[in-house]
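Chemist: predicted model, plus sequence, below.
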Amino acid sequence: MDSAGASGPLPTGPVTPEHLRRLAVVYVRQSTPDQVVEHTGSTAAQRDLRQVAIGLGWPESRVRVIDSDLGLSGTSTSGRTGYLDLLALMDRNEVGIVLVQDLSRLSRRRSDISSFQERTEEGGVLIYTNGALHNPAAGDLAATLGLDIAGLFGNFDNRLRVRRMREAKIAKAKRGQAVSPPPIGYVRTPGGGWAKDSDLAVQEAVARVFDLYPKLGSLGKVANYFREHNLEFPRRSQGQIRWGPVDAPLLHSVLRNPAYCGDYVYQRRQTKKRADGAGVSVKFRSPDQWIERPDHHEAYLPREEWQKIQEMLAARRPALRPLIGKGHALLQGVLKCGADGCGRRMKTEYSGRDGMARTATYTCRRLNGWGDPTHRVTFPARFIDHAVVTRVLQVLTTIDDETARRVIERSQQEQAGLEREKRRRLLDAEAEVDRHRGALLNVPPHLQHARVDLMTQLDGAVQRCSELKTQLARETIPLPSVMAADVGELIRLSHNIGQLWASPRRTNEERKRLLQTLISEVILHRADRDVAEVEIVWKGGLRERFQVLRARGVEAVVRDLTLQGKTAARIADELNAAGVITATGRPMSSNVVAQKQGRQGVRLKEERRRARDVIRRGLLDNTPRPEILHQLQEKAPRLGPWNPQRLSDAIGQLRQGAANDGTLPRVLPAELEKERVLAFINDGVAAGRTWKAMAVALNEASLRPPRGKTFTPVQVRLLYLRAHKLRSFKLPSPRSDTPAAGA
């Protein structure tokens, strides 16, 4: 708002004496210190709003200008003392009007603007912005909507500018230009490059860290070295180098930074202001999100040495394993979460109520750097435990002589390799001592400084060799617990492993130790309300992946098997063979399967009754079997595919079950017709007719075969052979090929 805009006629309608008795507050803010210096006109225009307040009737003594937030961003209220003072004045009911150039000066966050408008409405405070006077307490929804839209556009504009700036930085980083501040030891160069700091003391301090850590092998020892030698380490604060003591976190950040091996990496970390305004939270991104530019600048050490340091840091990272515990969750400390690449050990939680048994659940919850949940996986322990234990016991009971001997031989080879590695490390340390000792003996007496330096190196080598001997003496390589002579006993015991596992004398702690002896870890890749994808990682590196069903997943399998025509008893047998259990940890039964069929609406009782009626009616009406099969496919499709053999089995079961209730006659029409056909064929054979002549005569007599519409010579011959239980039969020479008149 310029002064010309302030001198025009001003709307004074909403202003009341009550407003004039309170303060008129002009709020002034610029986003960055650079804007304060370069955009002085904008700051002056905001201050000129005090003339607007005077024109609205406020005396100059009750007009206050708050400009203490110059150079502060509006994306947060943290640190903006002027804005907080304004809110405090409003809470004390001392403000009659707030004048701002636009609402984005107050804040660029929608929540802050909404909160500010609620305060003005509750306190009856006027707002003057963008040349217009607003009274939120008047209840004018149209005017309030205008303020809401203005706040929304301010927030949108801020997010748009932030995104454009981020996209521009990413584009520059992909072109190889450094867009982030250089770490200590480097300075910016024109064109987005980095160069080593011209201060040799800074270079020496950084190089000393990378030189000491491989030798001392510990962040604490490096920090102690700096303290004992009164050495300081540089830090950069607001563009200035500041020297001070070093600590382990600072050393770790330096040693982990890939910039010191010459690579530029952008987006290693993600920062966000905390909700309470107390600083920022830092979250490290995964390497696949990095933007890398190898050999971007001069390195402090070769990449190979930097990689060795990373391996040393990783090796010293503590790998804590939870205690085994006495609870019945058998995979405690073994189960890892593999969903979304998590990789962390899942926690075991027990829950229960009075009068109910405690149940265990494996959970993995992950929060981002700002406390928001980003990952949550839960799965009941009983399902995974049962599946893993079933698989382990199956493997143990299938151990044969060859497998056992191969495992023992591999264990012996690993032991021999460890022994060789111990001897090699000791020989290398002794060779280093001999090398320094030989160099010291060959130095002329007049080179005293060289002798002192070599003596220091020799002393260090002797000390490292002595420490290595002490360390190797403490390291004990366990002997194989099972030798080749124990193979037979091992196989005999493995066949009884199921009984040993289920013995009431076994404790949960013992069962857990047995599992951890055989399994390195179990990874839960995916888990939902239906199924979990689990992977067992055996000792030795072999992996096995399978699925674990929950109640809803079991219902889906029951539905599929039911639609295939399988009975509840057969489905229960297949589920038990696959290691499926109920929600209470019990084996599947026909009754449980029937209940699940009912919930899925796929019980086949009515379908089977309909199929029996079709078959019974077909037998009574002497319907050809192909037509009966066609009717079954139409009227009982959920029973699965029908074929001649299945129809024959169903007919046999129907005859056997219907013998007592009399639903089928003792002799069916089809059987009477079959007897007539066989009698006709017997007469024809006795008369010496050919198979072809008998087939023609049968067709002319309107007789039909059991399967098909007309007789063929082959069918006639097969009927005769089966009726007389013959394998082959050759007709005698025919006396006449003409059918008998009475046929």
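Modeler: In hand now; what should we look at?
Chemist: ok, the residue nearest to M455 when sequence neighbours are not counted to A329 distance?
Modeler: With sequence-adjacent residues excluded and distances taken as CB to CB, 6 or more residues apart in numbering, M455 is closest to L440, at 6.3 Å. For every residue, glycine as well, the C-beta is placed using N, CA and C. Distance from L440 to A329, counting by CB to CB, to the nearest Å: 62 Å.
Chemist: would you map the helices across the stretch 351-500 of the chain?
Modeler: 381-397, 401-441, 448-474, 487-494, 497-502 (DSSP state H, counting those that start in this stretch).
Chemist: with distance to D649, mean pLDDT and mean neighbour count added, can I get those helices in JSON lines?
Modeler: Formatted as JSON lines, the helices of the stretch 351-500 of the chain follow (distance: least, CB to CB, whole Å; pLDDT from 0 to 100; neighbours: other CB atoms under 10 Å):
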{"stretch": "helix 381-397", "distance to D649": "34", "mean pLDDT": "82", "mean neighbour count": "19"}
{"stretch": "helix 401-441", "distance to D649": "42", "mean pLDDT": "76", "mean neighbour count": "13"}
{"stretch": "helix 448-474", "distance to D649": "73", "mean pLDDT": "80", "mean neighbour count": "13"}
{"stretch": "helix 487-494", "distance to D649": "42", "mean pLDDT": "58", "mean neighbour count": "14"}
{"stretch": "helix 497-502", "distance to D649": "36", "mean pLDDT": "73", "mean neighbour count": "14"}
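Chemist: nearest to S114, of those helices?
Modeler: helix 381-397 (45.4 Å; CB to CB).
Chemist: which outside residues touch that closest one?
Modeler: 328-331, 335, 348, 359-362, 494-495, 497-498, 501, 511, 515, 518-519, 522, 524, 532, 534, 536, 544, 546, 548-550, 579, 581, 585 (CB atoms under 8 Å, 6 or more residues apart in numbering).
Chemist: so which of the residues you listed are in helices?
Modeler: Among the contacts of helix 381-397, the members falling in helices are S494, I497, G498, W501, R511, L515, L518 (criterion: DSSP state H).
Chemist: between those residues, which is nearest N699?
Modeler: Comparing the ones in helices among the contacts of helix 381-397 against N699 with CB to CB places G498 closest, at 64.7 Å.
Chemist: skipping adjacent residues, who's closest to that closest one in space?
Modeler: G498 sits nearest to L393 (CB to CB, 6+ apart), 5.4 Å away.
Chemist: helices along the stretch 501-650 of the chain, start to end?
Modeler: Using DSSP H, counting those that start in this stretch, the helices assigned to the stretch 501-650 of the chain run over residues 508-518, 551-563, 568-577, 590-600, 605-620, 625-635, 644-658.
Chemist: nearest to A693, of those?
Modeler: helix 625-635 (26.2 Å).
Chemist: who are the packing partners of the closest one?
Modeler: helix 605-620, helix 644-658 (3 or more CB pairs under 8 Å, 6 or more residues apart in numbering; DSSP states H and E).
Chemist: and for it, what are the contacting residues?
Modeler: Contact with helix 625-635 is made by 610-611, 614-615, 618, 623, 639, 641-644, 647, 706-708, as judged by CB under 8 Å, 6+ apart.
Chemist: separation between W691 and K308?
Modeler: 90 Å.
Chemist: neighbour-wise, which of the two wins?
Modeler: W691 (20 against 13; other CB atoms under 10 Å).
Chemist: once you drop chain neighbours, what's closest to that one?
Modeler: W691 sits nearest to P713 (CB to CB, 6+ apart), 3.9 Å away.
Chemist: so who does the one you found touch?
Modeler: Taking CB under 8 Å, 6+ apart as the test, what P713 contacts is T690, W691, K692, M694, A695.
Chemist: past the helix or strand hosting the last one, which element shows up next along the chain?
Modeler: I take that to be A695. Per DSSP states H and E, A695 falls inside helix 691-700. Once the chain leaves helix 691-700, the next helix or strand it forms, by DSSP H and E, is helix 713-724.
Chemist: any buried residues in that next one, and which?
Modeler: Q715, V716, R717, L719, Y720 (16 or more other CB atoms under 10 Å).
Chemist: export stretch 512-524 to CSV, keeping only CA atoms.
Modeler: Taking C-alpha atoms only, stretch 512-524 is exported to CSV below (Å, rounded to 0.1, in the frame of the first residue of the first chain):
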residue,chain,number,x,y,z
LYS,A,512,12.8,-70.4,21.2
ARG,A,513,16.4,-71.4,21.6
LEU,A,514,15.9,-74.4,19.3
LEU,A,515,14.3,-72.1,16.6
GLN,A,516,17.2,-69.6,16.9
THR,A,517,19.7,-72.5,16.5
LEU,A,518,18.2,-73.3,13.1
ILE,A,519,16.9,-69.9,11.9
SER,A,520,18.8,-66.7,11.4
GLU,A,521,15.7,-64.6,11.0
VAL,A,522,12.1,-64.6,9.8
ILE,A,523,11.0,-61.8,7.5
LEU,A,524,7.4,-60.6,7.3
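Chemist: nothing else from me, thank you.
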